[in-house]
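Asker: sequence first, predicted model second:
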Amino acid sequence: MWRMETVGLERIEAAARLLAPVIRRTPTVGSRVLSERAGTQVLLKCENLQRTGSFKPRGAYNRIANLPAAERARGVVAASAGNHAQGVAWAASELGISSTVFMPVGASLPKLVATRAYGAEVHLVGATIDESLVAAQEFAERTGATLIHPFDHPDIVAGQATVALEILEQVPDVGTVVVPTGGGGLLAGVAVALHALAPHVRVIGVQAAEAAAWPDSLAAGRPVRVPRMSTMADGIAVGLPGAVPFAHVAELVSEIVTVEEDALSEALLLCLERAKLIVEPAGAAGVAALLTSALHDLPGPVVTILSGGNIDPLLLTRVIGHGLSAAGRYLAMHVTIDDRPGALSELLGVVGRAGASVVDIVHSRTGIWLAVDEVEVSLTVETRGPTHRDSVLDALRAAGFRVHAEL
């Protein structure tokens with residue numbers, strides 16, 4: 001384990017000089033809707049627009065570029081659900097080094113294809129990043145390749161910290177930085193840089209509630225493995241925080257919050273609809289926290305990092321539907337009606353007069369819970385928000401229909 005002092009401002013500034021010719025200086029854009037929610041100015045640091053679609057190339061390039069020539073000759077190996085994989089593959093290609101990447105079996109197809117396109121040899125092993133990492137470590141021991149850990153190395157932390165340097169240049173009066181957090185490399189880097197240059201800035205980590213290893217780890221005073229993970233935010237689904245990030249985060253970060261899956265979906269939808277930005281669920285974790293009651297009384301301006309934008313279009317379709325439902329924009333319900341001519345027309349008439357638009361409808365007579373003269377209609381309608389959603393339900397019940405809404 002490396003000592004905490006090995007990642008300081010000098011190392012971060014050296015990483016910034018190294019990265020300047022190859023890494024994009026991503027924009028920081030304002031968000032009116034989030035500013036209204038937070039009660040202070042909120043800006044989005046768009047690392048989803050970075051090379052390979054996430055912040056990961058910053059740390060990967062810095063780590064690989066600092067390898068001695070002998071280690072470069074033996075190549076590099078990594079484990080990742082996708083973003084670190086692409087970062088390593090791209091950085092190795094830029095530096096003329098061979099790369100091998102181990103990814104979970106269920107890795108997103110676009111991330112898998114992109115990693116191969118950047119020149120890496122890809123192996124699908126295990127169900128999680130942690131299982132892929134074991135395979136990568138075994139490969140490194142067997143072949144002599146250097147393991148480029150996703151977050152647990154000072155050069156990785158220093159590379160990710162360059163995000164904070166850009167934030168300070170773009171928003172000099174920043175008061176709070178909100179950071180999506182998995183293994184902790186980005187959070188640790190941001191915390192170290194801001195502690196050195198702007199110690200008044202509040203740094204907050206955000207985890208998916210279904211993959212939140214950090215709260216228990218900080219309470220225990222050491223990295224503690226979370227027993228299970230189940231989240232759409234695969235980019236921050238890390239079961240065990242890194243030792244190097246932990247040393248920095250435990251010292252410098254006082255607050256880590258968690259967000260539920262509904263909030264992640266709603267945040268992704270907001271980024272797409274209002275900010276015109278495609279963001280993956282992990283990348284939207286900070287936005288999700290701002291949309292919930294998880295964060296309050298934040299010193300402004302607030303910058304939340306959109307850490308990645310690599311999302312499978314199929315997942316995007318499902319998450320949009322989930323987000324619309326969470327935001328009260330979809331209403332799915334089961335309605336029992338009489339099995340007689342005109343009954344379905346009456347139901348749809350009430351829906352239409354209530355101002356809802358039908359998305360999907362299924363008419364069934366076969367439910368064992370139905371009387372012989374009853375029909376169940378499974379109905380999904382588009383609504384204009386939670387208030388309109390409730391008014392549609394009220395209208396149906398007032399008309400005498402038995403309604404069960406899927407909340």
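Answerer: That came through, no problem. Numbers count the residues shown, from 1 in each chain.
Asker: and Ile305, that's in a strand?
Answerer: Yes - under DSSP: H, G, I helix; E, B strand; the rest coil, Ile305 sits within a strand.
Asker: in this structure, which residue is most central in space?
Answerer: By C-alpha atoms, centre = their mean, the chain has its centre lying nearest to Ala282, at 0.6 Å.
Asker: so Phe151 makes contact with Gly189?
Answerer: No - counting by C-beta atoms under 8 Å, Phe151 does not reach Gly189; the two are 9.4 Å apart. Every C-beta, even on glycine, is put in place using the N, C-alpha and C of the backbone.
Asker: what touches both of these two?
Answerer: Contact with both Phe151 and Gly189 is made by residues Gly59, Val157, according to C-beta atoms under 8 Å, 6 or more residues apart in numbering.
Asker: what mean pLDDT does the helix or strand where Val88 lies have?
Answerer: Secondary structure from DSSP states H and E places Val88 in helix 83-94. In this model, helix 83-94 carries a mean pLDDT of 95.
Asker: what of stretch 206-220?
Answerer: What stretch 206-220 shows for mean pLDDT is 94.
Asker: and the contacts of it?
Answerer: For stretch 206-220, contacts defined as C-beta under 8 Å, 6+ apart pick out 178-182, 184, 205, 223-226, 229-233, 236-241, 246, 249-250, 256-261, 264, 281-282, 285-286, 288-289, 294.
Asker: list the buried residues in stretch 71-82.
Answerer: By neighbour count with 16 or more other C-beta atoms under 10 Å, stretch 71-82 contains the buried residues Arg72, Gly75, Val76, Val77, Ala78, Ala79, Ser80, Ala81, Gly82.
Asker: among these, which ones are in helices?
Answerer: Arg72 (DSSP state H).
Asker: neighbours of Gly309, how many?
Answerer: Gly309 has 21 neighbouring residues, counting by other C-beta atoms under 10 Å.
Asker: and what of Val303?
Answerer: 27.
Asker: show me the beta-bridge partners of it.
Answerer: Counting by DSSP bridges, Val303 is bridged to Leu43, Val177.
Asker: hang on, it packs against Leu43?
Answerer: Yes - between Val303 and Leu43 there is a contact at 4.9 Å, judged by C-beta under 8 Å.
Asker: quick one, strands of this protein?
Answerer: Using DSSP state E, the strands found in the chain span residues 28-30, 42-46, 76-79, 99-103, 121-124, 146-147, 176-180, 202-208, 255-259, 302-306, 330-338, 357-364, 374-382, 402-406.
Asker: could you dump those strands to TSV with distance to Gly349?
Answerer: What follows is the strands of the chain, written out as TSV (distance: least, C-beta to C-beta, whole Å):
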stretch	distance to Gly349
strand 28-30	44
strand 42-46	43
strand 76-79	57
strand 99-103	52
strand 121-124	52
strand 146-147	65
strand 176-180	46
strand 202-208	42
strand 255-259	40
strand 302-306	44
strand 330-338	12
strand 357-364	11
strand 374-382	13
strand 402-406	15
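Asker: among the ones you listed, which is nearest Ala60?
Answerer: Nearest of these to Ala60, taken as C-beta to C-beta: strand 76-79 at 7.7 Å.
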